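Colleague: Have a look at this fold, sequence not included:
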Ligand SMILES: COc1ccc(S(=O)(=O)N2Cc3cc(C#N)ccc3N(Cc3cncn3C)C[C@H]2Cc2ccccc2)cc1
Ligand SMILES: [Zn+2]
């Protein structure tokens, strides 16, 4: 039967095209003149984090040049604010400060940047109501609350902000469906639910969640194709596999989803020519959906020779253990 707002899985790709994905990422950023590469300069730091993390969970971190990445990050730290920009010459932003800190933790070399200045930058973005700006232009979003506590947990400087006020602001963005939006009274969305559940995991406040109601809402994201969407009536998209699965894993309810059908959907999003994952079957792949497709497969388990990924930080589990951080999950 035809279901509105769902997709039909055309190519029945049964296995993970492991080597093709390694090739896709290792080559990704090589052609500096490539239109796509130039158009995504505004998110370059995040693009590097997505690529580095994807390669590491495939145990292929040696396929890209560590030293040039570390040098790039050092050039992107603002000497005045301490914040880190997405690319040289751009303004610092909390999103890219998190991506840079995540990369440095994977490479185990946080000492290459001024960590104290990063803590000061994050503190400077917190508002009287506990919320966080993304940068000096003053946009508030629960995504930035997650970035703030994720950065401070990774650099071990949690005392730099008012945690209680930060928690109260995030809880003020919860909705009657158990979900969360970007601001108070904003519609629930799987990406923001991941940010808020991750925030509560880092601040050890998961008991404030209505897990039954929220897990139910998240499972309603699954469509007959097996794919997950981000909101009711939307099309399935492989990055929602990550947002939904990571949230369910933190809440100890991963088994509520039909894993077999979801895995089939994720594998159908692979590009068997170039490697990489697209948002849905038949579209062009990109580095963002490649990380989140691989990350979701890692959470699903199964013998896909992917390293374990931490659901809260979206970083390899061994890195979180090495940083000696213990993000909470409900068991
Ligand atoms: C291709 O048009 C775009 C549109 C927006 C963006 S973005 O604002 O920088 N950003 C990151 C992002 C990166 C890539 C890649 N490479 C591709 C998409 C994508 N989206 C858009 C998207 C993903 N699924 C469906 N949609 C429409 C999410 C968005 C927001 C986001 C940022 C950080 C972390 C999580 C989410 C980039 C490209
Ligand atoms: Zn997507």
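Modeller: That came through, no problem. Note that this is a predicted model, so its numbers are computed, not measured. Ligands and ions are numbered 1, 2, ... in the order given.

Colleague: do stretch 197-204 and ligand 1 meet at all?
Modeller: No - Stretch 197-204 does not reach ligand 1 (C-beta under 6 Å from any ligand atom); its nearest approach is 12.0 Å. Using the backbone N, CA and C atoms, a C-beta is placed for each residue, glycine as well.

Colleague: what's in contact with that stretch?
Modeller: With contact meaning C-beta atoms under 8 Å, 6 or more residues apart in numbering, stretch 197-204 is reached by 142, 145-146, 149-150, 153, 163, 166-167, 170, 180, 206, 208-209, 214, 246-247, 250-251, 311-313, 327-329.

Colleague: For these, which ChimeraX command selects only the ones that are buried?
Modeller: Command for ChimeraX that selects the buried part of those, burial taken from 16 or more other C-beta atoms under 10 Å:
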select :142,145,146,149,150,153,163,166,167,170,180,206,209,214,246,247,250,251,311,312,313,327,329
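
Colleague: ok, how many other residues are close to residue 121?
Modeller: Residue 121 has 25 neighbouring residues, counting by other C-beta atoms under 10 Å.

Colleague: got it, and residue 128?
Modeller: Residue 128: 7 neighbours (other C-beta under 10 Å).

Colleague: So it versus residue 162, what's the distance?
Modeller: Distance of residue 128 to residue 162, computed by C-beta to C-beta, to the nearest Å: 9 Å.

Colleague: what about whichever helix or strand residue 151 is part of, near ligand 1?
Modeller: Element membership of residue 151 [criterion: DSSP states H and E] is helix 142-154. No - using C-beta under 6 Å from any ligand atom, helix 142-154 stays clear of ligand 1, with a minimum separation of 7.3 Å.

Colleague: List the neighbours of the next helix or strand after that helix that are in contact with it.
Modeller: The helix or strand immediately downstream of helix 142-154 is helix 163-171, counting by DSSP H and E. Helix 163-171 is contacted by residues 126, 128-132, 142, 145, 148-149, 180, 196, 199-200, 203, 205, 208 when judged by C-beta under 8 Å, 6+ apart.

Colleague: Likewise for stretch 176-194?
Modeller: Contact partners of stretch 176-194, identified using C-beta under 8 Å, 6+ apart, comprise 140-143, 170, 172-175, 195-197, 209-210, 212-214, 216-218, 221, 228-231, 239-240, 242-244, 246-247.

Colleague: can you check stretch 21-29 too?
Modeller: 37, 47-48, 51, 54-55, 58, 60, 63-64, 270-271, 274-277, 285, 287, 290, 294.

Colleague: Just the ones of those in helices?
Modeller: Judged by DSSP state H, helices contain the following of the contacts of stretch 21-29: 37, 47, 48, 51, 54, 55, 287, 290, 294.

Colleague: Counting neighbours, which of those end up buried?
Modeller: Using 16+ other C-beta under 10 Å as the burial test, the ones in helices among the contacts of stretch 21-29 include 47, 48, 51, 54, 55, 287, 290, 294 as buried.

Colleague: What sits closest to the third one if chain neighbours are left out?
Modeller: Sequence neighbours aside, residue 25 is the residue nearest to residue 51 in space, at 4.9 Å (criterion: C-beta to C-beta, 6 or more residues apart in numbering).

Colleague: The one you found looks like it's in a helix, true?
Modeller: Yes - with DSSP: H, G, I helix; E, B strand; the rest coil as the criterion, residue 25 is located in a helix.
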